[in-house]
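*Asks:* take this sequence and fold it.
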Amino acid sequence: MKIPLGPPTSATAFDAIPAELRAIPRWVCWRYQPHEGGRPAKVPKRATSRGNASSTDPTTWSTYQQAVAGILQFGHDGIGFVLSGDDDLVGIDLDDCRDPQTGALTQMAEALVERFPTYVEASVSGIGAHIVLRGQRPAGAGNKRTLTEVGVEIYYTGRFLVMTGNAIRREPVEDCQRQLEGLCRRLWPQPPSDPGTPARPASAVRLDDHKLIEKASAAANGSKFAALWTGDWSGYASQSEADLALVESLVWWSNCDRAQVARLWPRSGLQRAKMDREDYRERTIDSACEYVAARGGGYQGRAPDTETSTQERAAMKDHLAYFRLSPRIWDQPWSEPAKVLAIYILVNRHRITEGLYRLPKAYICQDLGWTLEQMTAPFAELLKAGFIKYDDKASVVLVAKGLSR
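*Replies:* I've put the predicted structure just below:
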């Protein structure tokens, strides 16, 4: 499949965008902003000025006509459509899926595009594609995964889609619920259900902002939430790690409502200038949504997982019984805490893949009942021994030879 090369060359090129989207007044402009250590960030801008816009603040949105005019009037780099969660519009972003020289999609991307009979356009970079559809978020679905070297991100709310009008398939926005559910099952396969576990309610319980903070603070782990909410991040390696812990709690209690999370997080005592960066906010919320989705999807009128520690310990005990763990680990010239930590890294409940997964140090401390100081020495011991490698920025642990087993 060949697709048009590059971004639109004039404002009229945006006319390929479906009329139903152009009729909705949820448009912003955007502008490139240099971003340290990566691609330039696309910062949302108001269509009627040079000021910043927000994907969670309706007062900063405009009409399609105003957004197109804003490019010429204020020198913005393009336009974007906000997914607010007020309707069933969904955006799928496919990264690194197109040959920039020929315009051909990769085999996997072409299969995905063919699967969704709806509007599809090329990304502004020329190496990606956007699929816009109607549907509802399936239970247990996350936001971001890689599928055969194609990065797939699915947006439902609290995000804006950079729109180019550079159509791959010029169709109306269609209902693709069945296709969306199939894709999500492939990206986030659900474990077999335990017949002894009561089914969760089909409809998620929604809490207003005040009630959410009240319930989260009153839960069994409420003291930890309350400390983070008031700005106390002692016990965490960095404030960014504390940010992630707080956002994960907000995501859980809001049932993965990105708009509510984006609204509440800056109101916490952890608020700082870094939160003004759209890329940091979205990356943190993405990570939290994936983590919560992997643990069951969020609050459903029941207590959080951290309040059922007895059941969790029993489940972990069962898991240990079936996990092959070499007794040679006890022969290693490590301290006892280092051996305990090594076993924990091999079998803990946060492990998604065999040898490479996200494991913030705060999780280790919480699960093992250690302070950050108690954890530091055995952790450094395992690093020095080459048993693990650790990316502090991404909080990702790599177990030596873990991916080759």
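
*Asks:* nearest residue to residue 180 other than its sequence neighbours?
*Replies:* Using Cβ to Cβ, 6 or more residues apart in numbering and skipping residues adjacent in sequence, the residue nearest residue 180 is residue 135, 4.2 Å away. No exception for glycine: its C-beta is placed from N, CA and C like everyone else's.

*Asks:* correct me, but that neighbour touches residue 90?
*Replies:* Yes. Distance between residue 135 and residue 90: 5.0 Å, which falls inside the contact criterion (Cβ atoms under 8 Å).

*Asks:* joint contacts of these two?
*Replies:* Contact criterion Cβ atoms under 8 Å, 6 or more residues apart in numbering; residues shared by residue 135 and residue 90: residue 180.

*Asks:* low-scoring stretches of the stretch 251-400 of the chain, by residue?
*Replies:* 294-327, 351-355 (pLDDT under 70).

*Asks:* can you give me the strands for it?
*Replies:* Taking DSSP state E, counting those that start in this stretch as the test, the strands found in the stretch 251-400 of the chain are 356-358, 388-391, 396-399.

*Asks:* mind listing what's buried along the second one?
*Replies:* Same thing as strand 388-391. Buried residues in strand 388-391, counted by 16 or more other Cβ atoms under 10 Å: 388, 390.

*Asks:* check contacts around the closest residue to residue 132 other than its chain neighbours.
*Replies:* Using Cβ to Cβ, 6+ apart and skipping residues adjacent in sequence, the residue nearest residue 132 is residue 119, 4.9 Å away. By Cβ under 8 Å, 6+ apart, the contact set of residue 119 is 17-18, 21, 131-133, 167, 169-174.

*Asks:* send the alpha carbons of stretch 208-225 over as PDB?
*Replies:* Extracted as PDB, the C-alpha positions of stretch 208-225 are listed here (Å, rounded to 0.1, in the frame of the first residue of the first chain):
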ATOM      1  CA  ASP A 208     -16.200  12.800  41.600                       C
ATOM      2  CA  ASP A 209     -12.900  14.500  42.400                       C
ATOM      3  CA  HIS A 210     -13.700  15.100  46.100                       C
ATOM      4  CA  LYS A 211     -15.000  11.600  46.700                       C
ATOM      5  CA  LEU A 212     -12.000  10.000  44.900                       C
ATOM      6  CA  ILE A 213      -9.500  11.800  47.200                       C
ATOM      7  CA  GLU A 214     -11.600  11.000  50.200                       C
ATOM      8  CA  LYS A 215     -11.800   7.300  49.400                       C
ATOM      9  CA  ALA A 216      -8.200   6.900  48.400                       C
ATOM     10  CA  SER A 217      -7.000   8.600  51.600                       C
ATOM     11  CA  ALA A 218      -9.300   6.400  53.800                       C
ATOM     12  CA  ALA A 219      -8.200   3.100  52.200                       C
ATOM     13  CA  ALA A 220      -5.900   0.600  54.000                       C
ATOM     14  CA  ASN A 221      -2.900   2.100  52.100                       C
ATOM     15  CA  GLY A 222      -4.400   5.600  52.500                       C
ATOM     16  CA  SER A 223      -1.500   7.000  54.500                       C
ATOM     17  CA  LYS A 224       0.800   6.400  51.600                       C
ATOM     18  CA  PHE A 225      -1.600   8.100  49.200                       C
END
